[in-house]
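[1] Provided below are the primary sequence and the corresponding predicted coordinates.
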Protein chains: 2
Amino acid sequence: MLDSAIREGESVNGYQRVFEVFRERVLNGEWRPGDRLPSERELSLELKVGRPLLREVMRSLDMLGVLDIRHGKGAYVAKADFKVLSDFFAFYLAQEKNALDDVMQARIAIECQAVRLACDRATDNDIARIETCFKQLMATLEDPEQGGRADYQFHLAIVEASHCQSLMTLYHAISALLLKSHVQRRQITLGSDEVIEAHIDSHRQVFLAIVEGDGDKANQRLREHFSIGDELRRKSIIAAYTQEAEASLGRR
Amino acid sequence: MLDSAIREGESVNGYQRVFEVFRERVLNGEWRPGDRLPSERELSLELKVGRPLLREVMRSLDMLGVLDIRHGKGAYVAKADFKVLSDFFAFYLAQEKNALDDVMQARIAIECQAVRLACDRATDNDIARIETCFKQLMATLEDPEQGGRADYQFHLAIVEASHCQSLMTLYHAISALLLKSHVQRRQITLGSDEVIEAHIDSHRQVFLAIVEGDGDKANQRLREHFSIGDELRRKSIIAAYTQEAEASLGRR
DNA sequence: GGTTGAAAGTGGTAAGACCACCAGGTTGGC
DNA sequence: GCCAACCTGGTGGTCTTACCACTTTCAACC
């Protein structure tokens, strides 16, 4: 069905035809980011299709992030962004079991590569930002909501220090889940001094390795960071169930 | 009084409202993959929106891969797949310079994590498949087209042996570019025995590490594989330019 | 009994009308 | 003369209606 456009005849449906026109013009650079498109009325006239059909295509492209349609102003070509990927993953993950664990693997993949690149490419600004995030992390230990956000910001800063668009894009795509997961974990593990200390130190080690610019070391420490987090989460879950069991026994 | 509609922020435009309804119903499992949706007329009645608007939403979801709309039959909930990601990347990469290098970083990220998981999770079947791909790789050394495809298949087999959906999804998303890149590289580096030997051995090492089930080793060897490939490509480019320069001098 | 073709239901498309929003020019008051 | 409020034209946002094209079904016909 991917080949449907290759058909010789005019038999493809109008939607495909119009979509291809847009694809062509954007990919050929005829329509560049920031350009304003003709009005829907004009376009529907030019392409010889009705406005509803044209709008179906444009809406789809809007969802793809290729167009930015603004009520009362017009439609603009946008720089494709990750918005659509978030939507896609939301639907996608709703249909997958073990989705969070699964996505966590993608997250590890992205961050581990990003941290390597960051060691080479990070500017002073990037370093400073990561440091700021780290301080913020320490300042919000008590609040699961803010702490989770700070945690997420720290990791995000690392990924953006890689200056690699595709990694950043993919990371953003799963960011909604990551943020949620960070907050959840905070709520579970809140309160244990030992946990907090390990957590902070783990972040610090990663940060220092980046400052040193040692890609291998940074990668290794980040992996340790993830496995520590994983272990802590398991412990917490076990603890939670144990408490529950005891409470259950106590009620008898 | 016009503001009466503005409450709870639920007052956004109809498109958003309808989209959220679909999102809810799919995410809540009310509509599961394979289910057939009510007809457009029924839905537009139920949701109290016009059919064109409803269709805009459904088309968008069709593009996202969430719905499968079939003329004359109806709309079905589909398992979200990576088709949309390819479209997205096509637009996205058209706007980015250095796109290929950039995406290559994402590729490395995905494969390096995948190979670790593969070491733990690969079944006998997976191993056999990777081995088959490796043999195919050796059998097609002469043909850039087939050789490039075999190369791609080898790496794909590794990723799929990770049994990690999100990694596989992301990998598929960039697969079109990877395949193209594999073939291109083959065309450039074709002919040098030394290059071919290094290339084959590099793959072999990765394969063996997976068979051993040693994640760290496999990861390291895969990284070496990539850096070898990178180096070879650079050398070839330099060689090509050198030849060109000599030829240019010769013509004078 | 097998074939065929109409009918019903579905998505596909078009046209026209009207509403909501935005920007820029016009008009009114100060 | 200046500024605010208002009007106006253009744009996207939405609804309605009608009709076309594809698929399936089932009953009439051979």
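    Received the coordinates, thanks.
[2] so what's the residue of chain A found nearest DNA strand D closest to, chain neighbours aside?
    As assessed by Cβ to the nearest atom of the strand, DNA strand D sits closest to residue A:39 within chain A, at 3.3 Å. Glycine gets a C-beta too; all of them are placed from N, C-alpha and C. In space, and not counting its chain neighbours, residue A:39 is closest to residue A:74: 6.6 Å by Cβ to Cβ, 6 or more residues apart in numbering or on different chains.
[3] Can you tell me the centre-most residue of chain A?
    Residue closest to the average C-alpha location in chain A (Cα atoms, centre = their mean): residue A:172, at 2.0 Å.
[4] still on that earlier bit, what pLDDT does the residue nearest to residue A:39 get?
    pLDDT, residue A:74: 88.
[5] cool, and the one 3 residues further on?
    Looking at residue A:77, its pLDDT reads 90.
[6] That one: what's it in contact with?
    For residue A:77, the contacting residues are A:26, A:31, A:32, A:33, A:34, A:35, A:37, A:66, A:67, A:68, by Cβ atoms under 8 Å, 6 or more residues apart in numbering or on different chains.
[7] quick one, phi psi at the second one?
    This means residue A:31. Main-chain torsions, residue A:31, degrees, to the nearest 10: phi -110, psi 120.
[8] And it, how far from residue A:42?
    To residue A:42, residue A:31 is 14 Å away according to Cβ to Cβ, to the nearest Å.
[9] more crowded one of these two?
    With neighbours defined as other Cβ atoms under 10 Å in any protein chain shown, residue A:31 and residue A:42 compare such that residue A:31 has more, 18 against 10.
[10] Isn't that one up against residue A:43?
    No. Using Cβ atoms under 8 Å as the test, residue A:31 is too far from residue A:43 to be in contact (11.3 Å).
[11] anything in contact with each of these two?
    When contacts are counted by Cβ under 8 Å, 6+ apart, the set common to residue A:31 and residue A:43 consists of residue A:37.
[12] what's the burial count for the residue nearest to residue A:147 when sequence neighbours are not counted?
    The spatial neighbour of residue A:147 that comes closest, neighbours along the chain excluded (Cβ to Cβ, 6+ apart), is residue A:140 at 4.4 Å. By the criterion of other Cβ under 10 Å, residue A:140 has 17 neighbours.
[13] what does residue A:14 give?
    Residues near residue A:14, counting by other Cβ under 10 Å: 15.
[14] cool, residue A:154 as well?
    Residue A:154 has 22 nearby residues by other Cβ under 10 Å.
[15] which residues of the stretch 101-250 of chain A score low on pLDDT?
    For the stretch 101-250 of chain A, the stretches flagged by pLDDT under 70 are A:180, A:188-192, A:233, A:236-237, A:240, A:244, A:249-250.
[16] wait, residue A:88 sits on residue B:86?
    No. If you go by Cβ under 8 Å, residue A:88 and residue B:86 don't touch, sitting 11.6 Å apart.
[17] Who wins on neighbours among the contacts of residue A:77?
    For the contacts of residue A:77, the largest number of neighbours (other Cβ under 10 Å) sits with residue A:66, at 27 neighbours.
[18] pLDDT value on that residue, please?
    87.
[19] All the helices of the stretch 151-252 of chain A, residue numbers only.
    Ranges of helices within the stretch 151-252 of chain A are A:165-173, A:175-189, A:193-212, A:215-251, based on DSSP state H, counting those that start in this stretch.
[20] ditto for the stretch 1-150 of chain A
    Going by DSSP H, counting those that start in this stretch, the stretch 1-150 of chain A shows helices at A:14-27, A:40-46, A:51-64, A:83-94, A:99-121, A:124-139, A:144-161.
[21] Now tell me what touches the shortest one from outside.
    With contacts defined as Cβ under 8 Å, 6+ apart, helix A:40-46 is touched by A:37, A:38, A:50, A:51, A:53, A:54, A:55, A:58, A:75.
[22] Same check on stretch A:195-210?
    The contact list for stretch A:195-210 (Cβ under 8 Å, 6+ apart) reads A:115, A:118-119, A:122, A:127, A:130-131, A:134, A:137-138, A:141, A:154, A:158, A:161, A:189, A:217-218, A:221-222, A:224-225, A:228-229, A:232.
[23] Show the buried residues in these.
    By neighbour count, with 16 or more other Cβ atoms under 10 Å in any protein chain shown, those hold A:115, A:118-119, A:122, A:127, A:130, A:134, A:137, A:141, A:154, A:158, A:161, A:189, A:217-218, A:221-222, A:225, A:229, A:232 as buried.
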